[in-house]
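**Student:** what shape does this take:
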Amino acid sequence: AQIVLNEPREFQGCADDSGIFVFDFVPVFSDLSNNDLLFFTIHFTEEDANQAMNALGTTQMQTVADGVITYWVRAYNVVTGCFKVTSFTAQATDCTLELVHLPDLSICNGQVNTFDLAQYSSVVYNNNLNYTVVYYNSEIDANNQLNPIDVNLLSNYVGTNNETIWVRVNNINNPDAFAITSFKLFIYPVPEFYDLTPVYGCEIPGSGLANFNLSSVQAEASGLSPNIEVTFYPTIAEAEIGDISTSLPLNYTGFQGIIHVRAYNVNTGCFTIMPLVTNVVDAPGANQIDPLEICDNNNDGFAIFNLIPTTIMIAGNPIPPGVQVTYHETMSDANNNVNRIQNIGAYQNAVANLQTIYVRVGYLNSSCSAIVSLQLIVNASPVIVDPSPLTACDADNNGIANFDLTSKITEILNGLNPLDYVVTFYTSSANAQAGINEITSPTNYSNLTASSVDVRVQNIHTGCFSITKLVLVTNPTPVVANPIATYSL
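**Tutor:** This next block holds a predicted model:
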């Protein structure tokens, strides 16, 4: 009887790292027939198969470089002696799949709460047909094809920060041909939301418009972070899109109202939108005031000034809402609102004796301001000398005498013009410092109260004074033991 054979399979195997795969051809016999009377042998050529020569073993090694090899099978009926020859092919293939690198996915906390994993299904292997793409939560599961992520969840996957997703790509026709890659999920915080300080601009006369310096807002909106990029938009919709071509210039001219500030983290792609109020105002006023004068106790030309009381003198009382008064050492700094004097309650002049500083009365976050100068004058205290003791004769030898205190004025002034100074005398240093309870009769002062007095020398032009001490000394009157008798004629 004629031998009937079925179609044999085509053998494919994934080569190892050396490019080799070892085939076991025994299954081909079952493919051809299950007739127990048939004896099968495998050959390299059809002629060998027909001649029953050079039979091969059922285990054969092939390399990728060999390509497709055709093998011939001889089916021999051991009862009838009839045979039939057919062929099959085998190929060792490089099953390595060069997958596309998948970037990490990120979302911004509070803006979106799920990830679209499915977007990578057509990307990971360049949308090649005959391949399946399956997602897993661990590398072990991906290798063993266990616990895949439900395909119905891929488009709206609820992930966690720093989670790793594993992707397995399989050849549908060759289960041994697969590759695994991974990517991470990140949930980033959005930039901080700030209640931004309103900006002010002086009205362009009659227009209702003002110029606004938006650069002054950037530091506040970014929280001083170098990773935050700050831009400005007329509407919240444009701020959401973030198209830089529709953003406002930093030197912005507009009406009073609200614009929108987009704070964008260049590292994470997350952003926050904050409203910013723009106020159109009249220019503030600044009053020119008299110089501040202070006395120099050690005459080095420097002193400590309290500038705080001048704030309302210059800007008005009360200070208008939104107006800030700042002090600067140069006009340039005042114009640019930089390098403010920090401790205005205790400012030491930087230039000896006479210094001009500049007071800026301006709105916050605005170039809308008025500037006036303020002179700081350090007046020298009188340069006097400590006088020598003042002496008087003690007529009664009781330690008490009358003194002309004014007789020491010339010595104390030491060449100063007496027309420029007032000299007064006191029984205590406290009274001398305060300038109260002066001695009313300095030309006839009795030392009954004290053996010294305090002398205050005050400049009548500046009010500055110096104090010294005058010691009073009584000299006893000589006593004659045997007075000469008095005679009269």
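**Student:** Three-state assignment for residue 443, please.
**Tutor:** Of the three states, residue 443 takes helix according to DSSP: H, G, I helix; E, B strand; the rest coil.
**Student:** ok, it - contacts?
**Tutor:** Shown in contact with residue 443 (C-beta atoms under 8 Å, 6 or more residues apart in numbering): 404, 405, 406. All C-beta atoms are positioned from the backbone trio N, CA, C, and that covers glycine.
**Student:** quick one: residue 322 and residue 363 touch, right?
**Tutor:** Yes. With contacts counted by C-beta atoms under 8 Å, residue 322 reaches residue 363, the gap being 5.1 Å.
**Student:** out of the two, which sits in the more crowded spot?
**Tutor:** Comparing residue 322 with residue 363 by neighbour count (other C-beta atoms under 10 Å), the higher total belongs to residue 363, at 22 against 18.
**Student:** apart from its neighbours in sequence, what residue is nearest that one?
**Tutor:** Closest residue in space to residue 363, ignoring its immediate chain neighbours: residue 200 at 3.2 Å, by C-beta to C-beta, 6 or more residues apart in numbering.
**Student:** tell me what the helix or strand where that neighbour lies is packed against?
**Tutor:** Here residue 200 is covered by strand 199-202, with elements defined by DSSP states H and E. Other elements packing on strand 199-202 under the criterion 3 or more C-beta pairs under 8 Å, 6 or more residues apart in numbering; DSSP states H and E are strand 210-213, strand 271-281, strand 354-363.
**Student:** please redo it, this time with the cut-off set to 7 Å
**Tutor:** Applying 3 or more C-beta pairs under 7 Å, 6 or more residues apart in numbering; DSSP states H and E, one finds that strand 199-202 contacts strand 210-213, strand 271-281.
**Student:** need the overlap of contacts for residue 322 and residue 363.
**Tutor:** residue 200 (C-beta atoms under 7 Å, 6 or more residues apart in numbering).
**Student:** which stretches of the protein have low pLDDT?
**Tutor:** The model of the chain has pLDDT under 70 over residues 1, 111, 480-489.
**Student:** give me the number of residues near residue 219?
**Tutor:** The burial count for residue 219: 12, using other C-beta under 10 Å.
**Student:** next structured bit after the strand or helix carrying it?
**Tutor:** Assigned by DSSP H and E, residue 219 belongs to helix 215-222. Following helix 215-222 in sequence order, the next helix or strand is strand 228-233 (DSSP H and E).
**Student:** quick check, residue 140 in a helix?
**Tutor:** Yes. Counting by three-state DSSP, residue 140 is found in a helix.
**Student:** ok, and the closest non-adjacent residue to it?
**Tutor:** For residue 140, ignoring the flanking residues on the chain, the nearest one in space by C-beta to C-beta, 6+ apart is residue 146 at 7.6 Å.
**Student:** again with residue 379
**Tutor:** residue 462 (4.0 Å).
**Student:** what sits against the one you found?
**Tutor:** 293, 295, 379.
**Student:** repeat that for 8 Å
**Tutor:** By C-beta under 8 Å, 6+ apart, residue 462 lies in contact with 293, 295, 379, 380.
**Student:** from the residues you listed, list the buried ones, please.
**Tutor:** By neighbour count, with 16 or more other C-beta atoms under 10 Å, these hold 295, 379, 380 as buried.
**Student:** with the residues you listed in mind, which one is nearest to residue 458?
**Tutor:** Nearest to residue 458 out of those is residue 295 (C-beta to C-beta; 9.9 Å).
**Student:** so residue 25 sits against residue 55, correct?
**Tutor:** No. Between residue 25 and residue 55 there is no contact under C-beta under 8 Å: 11.7 Å.
**Student:** tell me which residues of the lengthiest strand in the chain come out buried.
**Tutor:** Secondary structure assigned by DSSP state E gives strand 174-188 as the longest strand of the chain. For strand 174-188, burial by neighbour count (16+ other C-beta under 10 Å) applies to 177, 178, 179, 180, 181, 183, 185, 186, 187, 188.
**Student:** the helix holding residue 219: how far from the chain's middle?
**Tutor:** Here helix 215-222 is found 11 Å from its chain centre; the criterion is C-alpha atoms, centre = their mean, to the nearest Å.
**Student:** which strands and helices lie in contact with it?
**Tutor:** Applying 3+ C-beta pairs under 8 Å, 6+ apart, one finds that helix 215-222 contacts strand 228-233, strand 257-265.
**Student:** only the buried residues of that helix, if you could.
**Tutor:** Using 16+ other C-beta under 10 Å as the test for burial, helix 215-222 gives 216, 217, 218, 220, 221, 222.
**Student:** restricting to C-alpha, output that helix in CSV.
**Tutor:** Extracted in CSV, the C-alpha atoms of helix 215-222 (Å, rounded to 0.1, in the frame of the first residue of the first chain):
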residue,chain,number,x,y,z
SER,A,215,10.3,91.2,37.0
SER,A,216,9.9,92.3,40.6
VAL,A,217,7.3,89.4,41.0
GLN,A,218,9.5,86.6,39.7
ALA,A,219,11.4,86.0,42.9
GLU,A,220,8.3,85.9,45.0
ALA,A,221,6.4,83.6,42.5
SER,A,222,9.4,81.2,42.2
